[in-house]
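K.L.:
Structure for the following, please:
(2 chains)
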2 protein chains.
Amino acid sequence: MRAATIRDGRIEVVEHPDPEPQDGQLLVRVKAAGLNGADMMQLAGGYPAPPGVPQDIPGLEIAGEVLSCGRRAGRFEPGDRVMAIVAGGGQAELAVVHERTAMPVPEELDWTAAGGVPEAFTTAHDALFTQAGLMCGERLLVHGAAGGVGMAAVQLGTMTGARVTATVRNEQHRAQIAALGVHAISTEGFASEGEYDVILELVGAQNLSENLDALATGGRICIIGVGAGAKTEINLVKLMGKRGRIHGSTLRNRPIEEKAIAARLMEKMVLPGFASGDLSVPVTETFALADAPAAYERFLAGGKLGKIVLQT
Amino acid sequence: MRAATIRDGRIEVVEHPDPEPQDGQLLVRVKAAGLNGADMMQLAGGYPAPPGVPQDIPGLEIAGEVLSCGRRAGRFEPGDRVMAIVAGGGQAELAVVHERTAMPVPEELDWTAAGGVPEAFTTAHDALFTQAGLMCGERLLVHGAAGGVGMAAVQLGTMTGARVTATVRNEQHRAQIAALGVHAISTEGFASEGEYDVILELVGAQNLSENLDALATGGRICIIGVGAGAKTEINLVKLMGKRGRIHGSTLRNRPIEEKAIAARLMEKMVLPGFASGDLSVPVTETFALADAPAAYERFLAGGKLGKIVLQT
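P.N.:
Have a look, this model is predicted:
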C-alpha cells in the first residue's frame, strides 16, 4: 500500500507492506483521512506515535470500507462503511483499527466528509461533554473556532442549547463562523464580553489569565490545543475564587477502552446530528494521497477554515 | 453579647447587639469556634466577609446549643447540639445560622472538638470527594497535612481506602501525622516518591509544577490553600499529557443551597466516622473567648499541629 510517510522531517508518499488485522481489528480500505495539528507536531518531531502503531505514517482519523475482519471481530462486515480515530497510520490506502473504536458512517456523509469527522467531533464532544459537562443554557466560549475541532465544538454547543461565543482571528472566517448561528468575535478583549461556564481553549496558554477573568462561578476551562504557546503564569487565587476547574486532555494516548467509550458516545449523541441537519462537517479543502506534501504545506500555511482531508 | 472583633487590623473582644434569628435560622449559644487561615486573611484586610454577615466579627465555624428557632425552622429544637460553617460572625457568644447548613453534633464529640469540625472536615470532604472524586485504592497526596484541613483530609483519605501520603514541613509534626497511619514525608522532592491520583494543595503555588510531574494519568489537583504564594508558571502541555484537572475552591462565598448540600454530605459520610473511631478532631490548643487576641497570635506564629479553638 501507499502511505503518507515522514522522512527526515518531510512528507513523502511511499510504498509500505500491507497491514494485517489482528484479533478484534478491521482491515479498512481508507477512502479519506483528515489532517490534524497533531500530524504537524509529529512531522516536526515533537509528538511521536505511541507504541504499536506505525511510527512514520501520520494520520489520526480515517473513513473507509471494511475489507476484512480479524478473529473475534463481529461488529462490522466486509463492505461496511466505517470511520474511526486511530493512534497513527491513518493517511494510507490501508489501515487497521480495533472494531470497538470504529463507528458506522452515517449515510448522509460522503467519504470526504466522513474523513473529517472522527478526530474533530470526538475531541470536541469529549472535551465539552465528558469532561466539562456542558449543559443546556450554559455559556460556551470557543477559542480558535475556525479549525476543525473549533467548528465541531460550536455546532455541538448550539445543538445542546448552550449560548455559544467563538473567537476567530481571521475577519473573513469570523463571518463564516457567525453563519453557524453563534456570536463570533475577535480574540482581543474577549473577557469583557461576559462570563462563560465553559471555555474551550484551542489556541494557547496566552489566553489563560483572561480565561480566568471571564470564567463564571463553577466554570470549566478545557485545554485541548496550545499550538501558540504552552507556558504562562497562573494566579491560583483567581481559580479558587471562581471555584473553577482547568482540564487538560489529548485523545491519542488513551487506552483502547477509553477510545471505545468515546466512540459509543459519538454514536449515541453526535452522529444523529448529521441526519437531523444540526451538524455539518467543515471540510475546506481536499487533496489526493499523492499530493499529501501539498496538503501538509497548506495546513502549515495556516489561515484555513475547518478541515483539510486527504482522499486516499 | 461579646465577640472577637476586628478593629484597625487587631483583634479585640467587645460587646455587640445580640443577633436575631430570621426565617429558617437558628440562634445558637456558641460554645466553641475554630480559627482558620481565612480569619487571618480577614484580619489582614484581604478577605472581606460576604454581604449579610457581620463584617467585623470573624469566625467561620461554630458548635453550640440551639437557643431559639426562627419562623419556618423545624430541623432542630432549643437545647439541641449543633455545629455549622458560617460565612462570618462565628467567634462570638451568639451566632445565627440557617438550619439547613447546621448539623447535629455527634455524641462522641465534646464542645471543643465539635468547634473544630465544620470548616476542616467540610473543606476536606468537599475537595477530596465532591470535587476530586477520590476513590478506594487511589493514591492521595496532601500538602500541608499538619493543619486542620490537612489532618481531616488524611483521615478521610484513609477511611475511604485511599493510599495516603502527606507532606509536613515540621519534622516533629511529621511523626505525629505518620501516627495517623499515613506515609509522612518532607516537601522536598515529593515528586520522586510516586504518582498520585489526587493531590490536595494546602500550601501554595510553588508546588504546582512538581504536582503536575507527580500526577497520575487522569489525576486531579485540588487547590484549597495558597497562603505561601498564589502565582506561578504553569506548563499546560504537562496537564494535557496527564489528562489532568486542576480545581480551585473556597467554601465561604458559596450560596446557602451549596452549603446545605455540603452539610448533608457531612452528616451522611463524615459524622459516622467519629462514632466508629475512624476520625478524630485534631484540636491542638484552646483559648477562652476573652483571650482571642492570644489565640490569633498563636495561629499567626505558625508551626501548629491541627486546630486552635476558642471556647466561647
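
K.L.:
What residues does whichever residue of the stretch 1-150 of chain A sits closest to chain B make contact with?
P.N.:
Across the stretch 1-150 of chain A, the shortest distance to chain B (Cβ to the nearest Cβ) belongs to A:Gln131, at 8.0 Å. Every C-beta, even on glycine, is put in place using the N, C-alpha and C of the backbone. By Cβ atoms under 8 Å, 6 or more residues apart in numbering or on different chains, the contact set of A:Gln131 is A:Arg220, A:Cys222, A:His247, A:Ser249.

K.L.:
Now with 6 Å, please.
P.N.:
Contacts for A:Gln131 (Cβ atoms under 6 Å, 6 or more residues apart in numbering or on different chains) come out as A:Cys222, A:His247.

K.L.:
Tell me the confidence at it?
P.N.:
Listed pLDDT for A:Gln131 reads 97.

K.L.:
just A:Gly227 next, same as before
P.N.:
If you check A:Gly227, the pLDDT there is 87.

K.L.:
And for A:Asn253?
P.N.:
85.

K.L.:
distance of it from B:Gln25?
P.N.:
From A:Asn253 over to B:Gln25 the distance is 52 Å, taken as Cβ to Cβ, to the nearest Å.

K.L.:
Give me the more crowded residue out of those two.
P.N.:
Each of A:Asn253 and B:Gln25 has its neighbours counted (other Cβ atoms under 10 Å in any protein chain shown); B:Gln25 has more, 23 against 14.

K.L.:
isn't the more buried one right next to B:Arg100, touching?
P.N.:
No. Counting by Cβ atoms under 6 Å, B:Gln25 does not reach B:Arg100; the two are 9.7 Å apart.

K.L.:
So what pairs up with A:Tyr196 in the strands?
P.N.:
A:Tyr196 has these beta-bridge partners by DSSP bridges: A:Leu215.

K.L.:
who in the stretch 201-312 of chain A is up against chain B?
P.N.:
By Cβ under 6 Å from any Cβ of the partner chain, the residues of the stretch 201-312 of chain A that approach chain B are A:205, A:223, A:226, A:230-231, A:233-237, A:239-240, A:243-250.

K.L.:
Low-confidence stretches in the stretch 101-250 of chain A?
P.N.:
Counting by pLDDT under 70, the stretch 101-250 of chain A shows no low-confidence range.

K.L.:
mind listing the strands for it?
P.N.:
A:102-104, A:139-143, A:163-167, A:183-185, A:196-201, A:215-223, A:231-235, A:245-248 (DSSP state E, counting those that start in this stretch).

K.L.:
Contacts for the fifth one, please.
P.N.:
In other words, strand A:196-201. The contact list for strand A:196-201 (Cβ under 6 Å, 6+ apart) reads A:127, A:132, A:134, A:138-143, A:153, A:211, A:214, A:216, A:219-223.

K.L.:
could you give the mean pLDDT of stretch A:274-286?
P.N.:
Average pLDDT, stretch A:274-286: 95.

K.L.:
of the contacts of strand A:196-201, buried ones?
P.N.:
Among the contacts of strand A:196-201, those buried by neighbour count (16 or more other Cβ atoms under 10 Å in any protein chain shown) are A:127, A:132, A:134, A:138-143, A:153, A:211, A:214, A:216, A:219-223.

K.L.:
what ranges do the helices span in chain A?
P.N.:
For chain A, helices defined by DSSP state H occupy the ranges A:37-43, A:111-115, A:118-125, A:148-159, A:171-178, A:208-214, A:236-241, A:256-265, A:272-276, A:292-301.

K.L.:
Dump the ones you listed to JSON lines, plus distance to A:His16.
P.N.:
As requested, the helices of chain A are exported to JSON lines (distance: least, Cβ to Cβ, whole Å):
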{"stretch": "helix A:37-43", "distance to A:His16": "16"}
{"stretch": "helix A:111-115", "distance to A:His16": "19"}
{"stretch": "helix A:118-125", "distance to A:His16": "22"}
{"stretch": "helix A:148-159", "distance to A:His16": "26"}
{"stretch": "helix A:171-178", "distance to A:His16": "36"}
{"stretch": "helix A:208-214", "distance to A:His16": "41"}
{"stretch": "helix A:236-241", "distance to A:His16": "47"}
{"stretch": "helix A:256-265", "distance to A:His16": "23"}
{"stretch": "helix A:272-276", "distance to A:His16": "32"}
{"stretch": "helix A:292-301", "distance to A:His16": "13"}
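
K.L.:
any idea how far the most centrally placed residue in chain A lies from A:Gln176?
P.N.:
Centroid check for chain A by Cα atoms, centre = their mean gives A:Ala120 as the closest residue, at 2.4 Å. For A:Ala120, the distance to A:Gln176 (Cβ to Cβ) stands at 16 Å.

K.L.:
Tell me how many other residues crowd the residue nearest to A:Gly181 when sequence neighbours are not counted.
P.N.:
Nearest residue to A:Gly181, sequence neighbours excluded (Cβ to Cβ, 6 or more residues apart in numbering or on different chains): A:Thr158, at 5.7 Å. A:Thr158: 17 surrounding residues under other Cβ under 10 Å.

K.L.:
When you filter the residues of the stretch 201-312 of chain A next to chain B down to buried only, what's left?
P.N.:
If we count by 16+ other Cβ under 10 Å, these have these buried: A:205, A:223, A:226, A:230-231, A:234-237, A:239-240, A:243-250.

K.L.:
pretty sure A:Ala95 contacts A:Gly89?
P.N.:
Yes. The criterion here is Cβ under 6 Å, and A:Ala95 meets it with A:Gly89 at 5.5 Å.

K.L.:
Domain ranges for chain A, per the record?
P.N.:
Domain assignment for chain A by automatic domain parsing gives A:2-117+A:252-311, A:121-248.

K.L.:
Show the contacting residues for A:Leu43.
P.N.:
A:Ile6 are the contacts of A:Leu43 under Cβ under 6 Å, 6+ apart.
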